[in-house]
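Visitor: sharing a model prediction with you, sequence too.
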Amino acid sequence: MHNTSKLKLALYRHWNVLFIAVSGIYIWTAIIGPIIALYAFPSLAVNIYKAYSTLCHQIPSRSLHIHHGDIIINTNTLISIIQLGEYINLETATYQTALCIRCLSIYSAVFGTTLLFKICNNYYKKFLITLTTKNYIIFGIIPIALDYFLLSRIYPITAITVVTGLAFGFTTIWYSFVDISNRTTNFIKIYGANSTI
């Protein structure tokens, strides 16, 4: 068997572990960005904020902030304040996370649901419960659309944003994970048997 075929088979076998790792790193980097800025790595923190700004609006009033006590002005914090001025609130001594509350909720649900399904898949080799397209639209897409286009424009409520973000992330993974898991299982059965030849 060729090395590329072995690599492809390994990726199919462990795609969910790779997905868990990537989504976990993505979430924690968004949260840890402010902490990196706090401990005097402003250029790295700026790059993190810029990278996430391509996928998230990062509006301060709709983002989480990490409180770290009084900001002590020294050379390092002065550099941080200059480079990260739009992400630091000097009045409350907080650093903004690199993702807004909605995005953080969605990606956290993606990470948690993928991890949950991976654990369940180890015990139950094939998923029997699938989420229909109709239920995905009703429970995943419509609530977040209503929150985004209607509720958050009139009167934004953080709890509703978190719940709709979690619901969207959870249902998106549920809707797609079962199909991907079943397809990769079939691929492994077909090509895994041929790899021993």
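Guide: Received it, and whenever you're ready, just let me know what you need.
Visitor: what residues are up against the one residue sitting closest to the centre of the chain?
Guide: Centroid-nearest residue in the chain, with Cα atoms, centre = their mean: residue 107, separated by 2.4 Å. When contacts are counted by Cβ atoms under 8 Å, 6 or more residues apart in numbering, residue 107 touches 23, 26, 27, 30, 99, 169. C-beta here means a position set from N, CA and C on the backbone, and glycine is covered the same way.
Visitor: from the chain's centre, how far out does the longest helix seen in the chain sit?
Guide: Counting by DSSP state H, the longest helix found in the chain is helix 158-194. Here helix 158-194 is found 14 Å from its chain centre; the criterion is Cα atoms, centre = their mean, to the nearest Å.
Visitor: you'd agree residue 35 is up against residue 94?
Guide: No - using Cβ atoms under 8 Å, residue 35 makes no contact with residue 94, being 11.8 Å away.
Visitor: can you pick out the residue with more neighbours from these two?
Guide: A direct count of neighbours by other Cβ atoms under 10 Å for residue 35 and residue 94 places residue 94 higher, at 20 against 14.
Visitor: so that one sits against residue 65, correct?
Guide: Yes - counting by Cβ under 8 Å, residue 94 touches residue 65, with 3.7 Å between them.
Visitor: overlap of the contact sets of residue 35 and residue 94?
Guide: Overlap of the contact sets of residue 35 and residue 94 (by Cβ under 8 Å, 6+ apart) consists of residue 66.
Visitor: picking that back up, which pair of the contacts of residue 107 spans the longest distance?
Guide: Largest separation among the contacts of residue 107 by Cβ to Cβ: 30 and 169, giving 14.0 Å.
Visitor: buried ones in the helix or strand containing residue 116, by neighbour count?
Guide: Secondary structure from DSSP states H and E places residue 116 in helix 101-123. Within helix 101-123, the residues scored as buried using 16 or more other Cβ atoms under 10 Å are 101-115, 117-118, 121.
Visitor: output it in PDB with nothing but the alpha carbons.
Guide: Only the C-alpha atoms of helix 101-123 are listed here, as PDB (Å, rounded to 0.1, in the frame of the first residue of the first chain):
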ATOM      1  CA  ILE A 101     -20.000  35.900  22.600                       C
ATOM      2  CA  ARG A 102     -22.100  34.400  19.800                       C
ATOM      3  CA  CYS A 103     -19.000  33.100  17.900                       C
ATOM      4  CA  LEU A 104     -17.500  31.800  21.200                       C
ATOM      5  CA  SER A 105     -20.800  30.000  21.900                       C
ATOM      6  CA  ILE A 106     -21.000  28.400  18.500                       C
ATOM      7  CA  TYR A 107     -17.400  27.200  18.400                       C
ATOM      8  CA  SER A 108     -17.600  25.900  22.000                       C
ATOM      9  CA  ALA A 109     -20.600  23.900  21.100                       C
ATOM     10  CA  VAL A 110     -18.800  22.600  18.000                       C
ATOM     11  CA  PHE A 111     -15.900  21.500  20.200                       C
ATOM     12  CA  GLY A 112     -18.100  20.000  23.000                       C
ATOM     13  CA  THR A 113     -20.500  18.200  20.700                       C
ATOM     14  CA  THR A 114     -17.700  16.700  18.600                       C
ATOM     15  CA  LEU A 115     -16.000  15.500  21.800                       C
ATOM     16  CA  LEU A 116     -19.300  14.100  23.100                       C
ATOM     17  CA  PHE A 117     -20.000  12.300  19.800                       C
ATOM     18  CA  LYS A 118     -16.500  10.900  19.700                       C
ATOM     19  CA  ILE A 119     -16.900   9.400  23.200                       C
ATOM     20  CA  CYS A 120     -20.400   8.100  22.300                       C
ATOM     21  CA  ASN A 121     -19.100   6.700  19.000                       C
ATOM     22  CA  ASN A 122     -16.500   4.600  20.900                       C
ATOM     23  CA  TYR A 123     -19.300   2.900  22.800                       C
END
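Visitor: with that, I have no additional questions.
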